[in-house]
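In: predicted coordinates and the sequence they were generated for:
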Amino acid sequence: MENPAEETVRDLQEGLSERASEAREGLLTRIALTTALIAALAAVTGYLAGERADEALVDQIHASDQWSYYQAKSIKGAVLSAKIETLCALNGTTSSQADIDKVARYEKEMAEIKVSAEEKQKASSHRLAQRMTLANGVTLFQIAIAIGAISAITRKKGLWVVSLVFGAAGLVQLIRELFFS
């Protein structure tokens, strides 16, 4: 026959064991949910980083196009200036007003083209900087996911908190890019 005190202690131990098991399951559920949320944020951030890289490439292509156009105008202006100087040296006369006006027009167009090309280059550099911010966010999210997986395996709440800190740091990078860039 069992002692009622032993029976009560055994019941308490079983109750505590069940509650500890439930608490561990609750922790695993929280770890799984937060890790899934972090993974979703990582996917969105990765997509945005790729988009910024593509936009930077397009801006750089447009800048290159503008610089090519600038060079073409420069060559046209140089050829026309050489024509004017050659005619002046050979004949001792000035060139036609149309040629002189054309050289002036080329110089004006070159100044405008240069501004456009520099703006495109600046936009490309800015988008690359945005991409770096987002890439840093993706890296932080990936670290958070890895630490979250380790915390689920080891059932260590402290590791889960560290995972949340890395996830928050990744979120800061995402928010910084979306709202302050």
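Out: Yep, it's here. Residues are numbered from 1 along each chain as shown.
In: so what does the longest helix anywhere in the chain touch, helix or strand wise?
Out: Secondary structure of the chain per DSSP state H: the longest helix is helix 4-91. Applying 3 or more C-beta pairs under 8 Å, 6 or more residues apart in numbering; DSSP states H and E, we find helix 4-91 packed against helix 97-154, helix 157-180. Backbone N, C-alpha and C define where each C-beta goes, glycine included.
In: so for the shortest one, what gets flagged as buried?
Out: The neighbour-count criterion (16 or more other C-beta atoms under 10 Å) identifies 159-160, 162-164, 166-167, 169-171, 173-174, 177 as the buried residues of helix 157-180.
In: avg pLDDT for that helix?
Out: Averaging pLDDT along helix 157-180 gives 96.
In: ok, now stretch 51-62?
Out: On average, the pLDDT along stretch 51-62 is 96.
In: list the contacts of that stretch.
Out: Lys120, Gln121, Ala123, Ser124, Ser125, Arg127, Leu128, Gln130, Arg131, Leu134 (C-beta atoms under 8 Å, 6 or more residues apart in numbering).
In: CA atoms of it as CSV?
Out: Provided in CSV are the C-alpha atoms of stretch 51-62 (Å, rounded to 0.1, in the frame of the first residue of the first chain):
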residue,chain,number,x,y,z
GLU,A,51,15.3,45.0,-57.5
ARG,A,52,17.6,47.8,-56.4
ALA,A,53,20.6,46.1,-58.1
ASP,A,54,18.6,45.8,-61.4
GLU,A,55,17.6,49.4,-61.2
ALA,A,56,21.2,50.4,-60.6
LEU,A,57,22.3,48.5,-63.6
VAL,A,58,19.6,50.1,-65.8
ASP,A,59,20.6,53.6,-64.5
GLN,A,60,24.3,52.8,-65.3
ILE,A,61,23.4,51.7,-68.8
HIS,A,62,21.5,54.9,-69.4
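In: so how far is that stretch off the chain centroid?
Out: 12 Å (C-alpha atoms, centre = their mean, to the nearest Å).
In: give me the buried positions along it.
Out: Under the neighbour-count criterion of 16+ other C-beta under 10 Å, stretch 51-62 has Arg52, Ala53, Glu55, Ala56, Asp59, Gln60, His62 buried.
In: make TSV out of those residues and add distance to Arg105.
Out: Conversion of the buried residues of stretch 51-62 to TSV gives the following (distance: C-beta to C-beta, whole Å):
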residue	distance to Arg105
Arg52	38
Ala53	38
Glu55	33
Ala56	33
Asp59	27
Gln60	28
His62	23
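In: now, which of those residues sits nearest Lys102?
Out: Of all the buried residues of stretch 51-62, His62 has the smallest distance to Lys102: 26.3 Å, by C-beta to C-beta.
In: no further questions, thank you.
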